[in-house]
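[1] predicted model and sequence follow; I will ask about them next.
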Amino acid sequence: MKFRSLALSAVGLLALSLASFAQVTAVEGIVKGPDGKPVQGAKINIVRTDIKGSYPTKTDKKGHYIYMGLPYGKYDISVEIDGKVADSVKGVQTRPGDPTPINFDLKASQQQTASKQAEVQKAMESGQMSDDLKRQLTPEQKAALEKQMKEQQEKMKGRKELNDAFNAGMDAVKAGNWQQAVDSFSKASTLDATQVAVWSQLGEAYVRLAATKTGPEFDANMQKGLEAYQKSIELKPDDAASHNNYALALAKAKKFPEAQAELQKAAQLDPANGGKYYYNLGALEVNGGQNDAAAESFKKAFELTPTYADAYYQYGVMLVSKAQIGSDGKVTPAPGTVEAFQKYLELAPTGQFAQQAKDMLGTLGGSINTKYANPDAKKKKK
């Protein structure tokens with residue numbers, strides 16, 4: 001009886017041993033690179049997913065790898081090259097007996113990935129998922145893509161509404177319909193408050209609309225225009241053009257110190273066009289009767305851009321009013337007047353103000369008759 005018990009125990013041990021042996025599995029495969037050649041030294045990550053476990057290995061010079069003695073279970077297997085995952089296979093169920101083959105052909109994988117990405121992009125644009133793409137996706141991936149497609153369609157719808165409103169505003173600008181421009185750009189700003197171009201155009205539309213109004217209506221529209229420009233600057237504070245446009249609007253609102261401060265910022269951000277910014281300010285100051293301020297702006301313009309011919313001419317014009325006429329009728333120009341016109345002619349001898357500059361120099365070099373003569377006196381003598 002003892003012998004039988006011992007024999008039965010031995011049989012039991014053998015069965016247990018065979019059961020344990022049956023739980024040991026293996027995986028192997030070949031890794032080929034994008035050029036179709038075997039990849040040596042590629043890292044193979046074998047990660048068990050049903051319970052925790054990691055079993056890394058590497059390919060040999062023939063691109064081959066094998067891992068023996070894996071516990072029976074499910075695994076995610078990936079190939080890593082130069083520290084980056086190049087391809088992967090998920091949910092591999094190992095089996096007893098011969099190794100489970102898991103090969104990696106990176107050329108084919110890249111082609112499949114590119115094709116899949118193209119299908120995904122097409123689905124995102126059209127809002128429709130092809131049957132081929134559906135077959136390639138897991139239920140989780142399909143659900144995630146459907147969510148993205150829905151979000152994308154909503155964005156595209158919003159973008160169309162934004163573009164329609166913005167384009168309607170630009171059409172109104174071309175037609176000089178400033179109220180319609182204000183309405184359209186205002187709508188665009190509510191659809192997307194992060195667009196610098198929308199706020200800049202809204203600011204300009206309000207300023208142009210203000211120019212058609214007087215009194216409180218002028219003030220109200222001008223203030224809204226300034227606020228829109230401020231919004232565009234908040235969104236992109238390093239944009240010189242926005243500071244320049246805001247400065248010109250401030251000048252139209254007779255806020256010259258603030259305008260000059262904004263132009264200084266524009267010139268600092270964009271030194272190459274600093275002269276242009278100050279020239280524009282000078283022109284507005286002339287229109288506003290601010291001749292002294294305009295003279296300083298034109299001077300600043302050619303100081304920043306020494307080749308800015310028109311700035312020299314306008315500066316000269318501003319100084320002409322400061323010329324002194326002596327008792328003998330001789331004209332004494334203010335310092336810098338003659339030099340300004342001469343510099344203009346040097347830079348633009350055939351420019352738009354060339355003849356005027358020559359006439360100014362001729363007048364400044366002569367004298368003016370300050371004695372009154374009665375034209376009828378000679379007639380009486382005759």
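    All right, it came through fine. Numbering: from 1, shown residues only.
[2] so what's the residue lying closest to Ser186 once chain neighbours are set aside up against?
    Computed as CB to CB, 6 or more residues apart in numbering, the closest residue to Ser186 that is not its neighbour in sequence is Leu202, at 6.3 Å. The C-beta positions use only the backbone N, C-alpha and C, and glycine is treated the same way. Contacts for Leu202 (CB atoms under 8 Å, 6 or more residues apart in numbering) come out as Gly169, Val182, Phe185, Ser186, Ala188, Ser189, Gly225, Ala228.
[3] try Gly63
    Ile30, Val31, Lys32, Lys37, Pro38, Val39, Gln40, Ala42.
[4] what's the answer for Gln314, then?
    Gln314 touches Tyr279, Gly282, Ala283, Val286, Ala294, Phe298, counting by CB under 8 Å, 6+ apart.
[5] can you pull out the low-pLDDT segments for the stretch 201-350 of the chain?
    By pLDDT under 70, the stretch 201-350 of the chain has no low-scoring segment.
[6] can you give me the strands for the stretch 101-250 of the chain?
    Taking DSSP state E, counting those that start in this stretch, the strands of the stretch 101-250 of the chain run over residues 104-105.
[7] remind me which helix or strand Ala267 belongs to.
    Using DSSP states H and E, the element containing Ala267 is helix 256-269.
[8] using PDB, write out every CA atom in that helix.
    Only the C-alpha atoms of helix 256-269 are listed here, as PDB (Å, rounded to 0.1, in the frame of the first residue of the first chain):
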ATOM      1  CA  PHE A 256      -1.400 112.900 -29.800                       C
ATOM      2  CA  PRO A 257       0.800 112.000 -26.800                       C
ATOM      3  CA  GLU A 258      -0.700 108.500 -26.700                       C
ATOM      4  CA  ALA A 259      -0.300 108.200 -30.500                       C
ATOM      5  CA  GLN A 260       3.400 109.100 -30.200                       C
ATOM      6  CA  ALA A 261       3.900 106.500 -27.500                       C
ATOM      7  CA  GLU A 262       2.400 103.800 -29.700                       C
ATOM      8  CA  LEU A 263       4.500 104.900 -32.600                       C
ATOM      9  CA  GLN A 264       7.600 104.600 -30.500                       C
ATOM     10  CA  LYS A 265       6.600 101.000 -29.700                       C
ATOM     11  CA  ALA A 266       6.100 100.300 -33.400                       C
ATOM     12  CA  ALA A 267       9.400 101.800 -34.300                       C
ATOM     13  CA  GLN A 268      11.200  99.800 -31.600                       C
ATOM     14  CA  LEU A 269       9.500  96.600 -32.800                       C
END
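[9] give me the pLDDT for the residue lying closest to Gln93 once chain neighbours are set aside.
    Distances taken as CB to CB, 6+ apart put Lys74 closest to Gln93, at 5.4 Å, once the chain neighbours are dropped. Lys74 is assigned 94 on the pLDDT scale.
[10] Ala295 is in contact with Val286, correct?
    No - using CB atoms under 8 Å, Val286 is not in contact with Ala295, being 9.3 Å away.
[11] more neighbours: those two, which one.
    Using other CB atoms under 10 Å as the criterion, Val286 and Ala295 rank with Ala295 on top: 24 against 18.
[12] which ones are touching that one?
    Here Ala295 is in contact with Gly282, Tyr315, Met318, Leu319 (criterion: CB under 8 Å, 6+ apart).
[13] about what we covered before: who touches both of Val286 and Ala295?
    Met318.
[14] picking up where we left off before, doesn't Asp50 make contact with the residue nearest to Gln93?
    Yes - counting by CB under 8 Å, Asp50 is a contact partner of Lys74 at 4.9 Å.
[15] more neighbours: these two, which one.
    Between Lys74 and Asp50, counted using other CB under 10 Å, Lys74 has the larger neighbour count: 14 against 11.
[16] the spatially closest residue to Asp239 that is not a sequence neighbour: neighbour count?
    Sequence neighbours aside, Val196 is the residue nearest to Asp239 in space, at 6.9 Å (criterion: CB to CB, 6+ apart). Close neighbours of Val196, defined as other CB under 10 Å, add up to 16.
[17] wait, Val196 touches Ser232, no?
    Yes - the criterion here is CB under 8 Å, and Val196 meets it with Ser232 at 4.9 Å.
[18] which residues are in contact with each of those two?
    Common neighbours of Val196 and Ser232 (CB under 8 Å, 6+ apart) are Asp239, Ser242.
[19] please name every helix or strand in contact with the helix ranked longest in the chain.
    If you go by DSSP state H, the chain has its longest helix at helix 139-175. With contacts taken as 3 or more CB pairs under 8 Å, 6 or more residues apart in numbering; DSSP states H and E, helix 139-175 sits against helix 106-126, helix 178-191, helix 196-210.
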